[in-house]
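Undergrad: I would like to see how this sequence folds:
(one chain, ligands or ions: 1)
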Amino acid sequence: MQLTSSRKDMQLPASQPGETKSSIIVAICLIFLCVASGLALGLLASGARLNLGFGTSSSNVLNVALSVVPDKSAPTQDAFVLAGSPNDNTIHAKVGQLINFTITTDDNALNMNFTGSAGLPFTVLAYESNGTAMVSTSYPATAGNGMVVAHTFTTSFFNIPLPPISVVTFSYTFTKAGTYSYHCIVPCGRGMSMPGYMSGEIVVQ
Ligand SMILES: [Cu+2]
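TA: Have a look, this model is predicted:
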């Protein structure tokens, strides 16, 4: 008698038609979930690729053109003037952005023999007195000592000599946010002590 009863206990309950139906619905829902999450992941992946492209391409390069304008508004008041912004020479950059500087010095004054080194590789395109451009010369970061300069472009990170009548190029990337001042270390006139003349700021955000 006990055997019979235990055989009854072991019998699996017969599946009801309603239960089969709900299993199918659950399966369909799972398939939908898989497809939906696959689509979402795909969208995320394509978005991430777009962002990467945005961050590493041309938008992460800033071209800064500065001119050293001699006697900008009065004798000996030489000034750093930002292209397209005659009255504000503040440079705005982003953290991690490659800044390509091009500094044109329209001043022919032989103001100083530069001492020390630039701290960054730089290129000088010098001009003959008749205005003809000479061959561009590249210098290593340790160069600069003894160069005859009209001015310098100096921050606490680099000290770039600016020869008279020249175009100097160099690149730098700020890795921390902050406001960094730039100035000229050459005693080049009254502009030295005046805000916005032989000085300015680089705001990195
Ligand atoms: Cu100067």
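Undergrad: quick check, His183 in contact with Thr154.
TA: Yes: between His183 and Thr154 there is a contact at 5.7 Å, judged by C-beta atoms under 8 Å. All C-beta spots, glycine's among them, are computed from the backbone N, C-alpha and C.
Undergrad: what's around Thr173, how many residues?
TA: 15 (other C-beta atoms under 10 Å).
Undergrad: got the contact list for the residue nearest the centre of the chain?
TA: Nearest residue to the geometric centre of the chain (C-alpha atoms, centre = their mean): Gln97, 0.6 Å. Counting by C-beta atoms under 8 Å, 6 or more residues apart in numbering, Gln97 touches 60-62, 173-174.
Undergrad: how many residues are close by Met134?
TA: There are 11 residues near Met134, going by other C-beta under 10 Å.
Undergrad: next to the ion, which bits of this protein? Give me the list.
TA: Selection of the chain residues close to the ion by C-beta under 5 Å from the ion yields 151, 184, 186, 188, 198.
Undergrad: by neighbours, which of the residues you listed wins?
TA: Counting by other C-beta under 10 Å, top hit in those: His151 with 30 neighbours.
Undergrad: wait, that residue sits on Cys188?
TA: Yes: counting by C-beta under 8 Å, His151 touches Cys188, with 5.7 Å between them.
Undergrad: now do the shared contacts for these two.
TA: The contact lists of His151 and Cys188 share 78, 107, 111, 198, where a contact means C-beta under 8 Å, 6+ apart.
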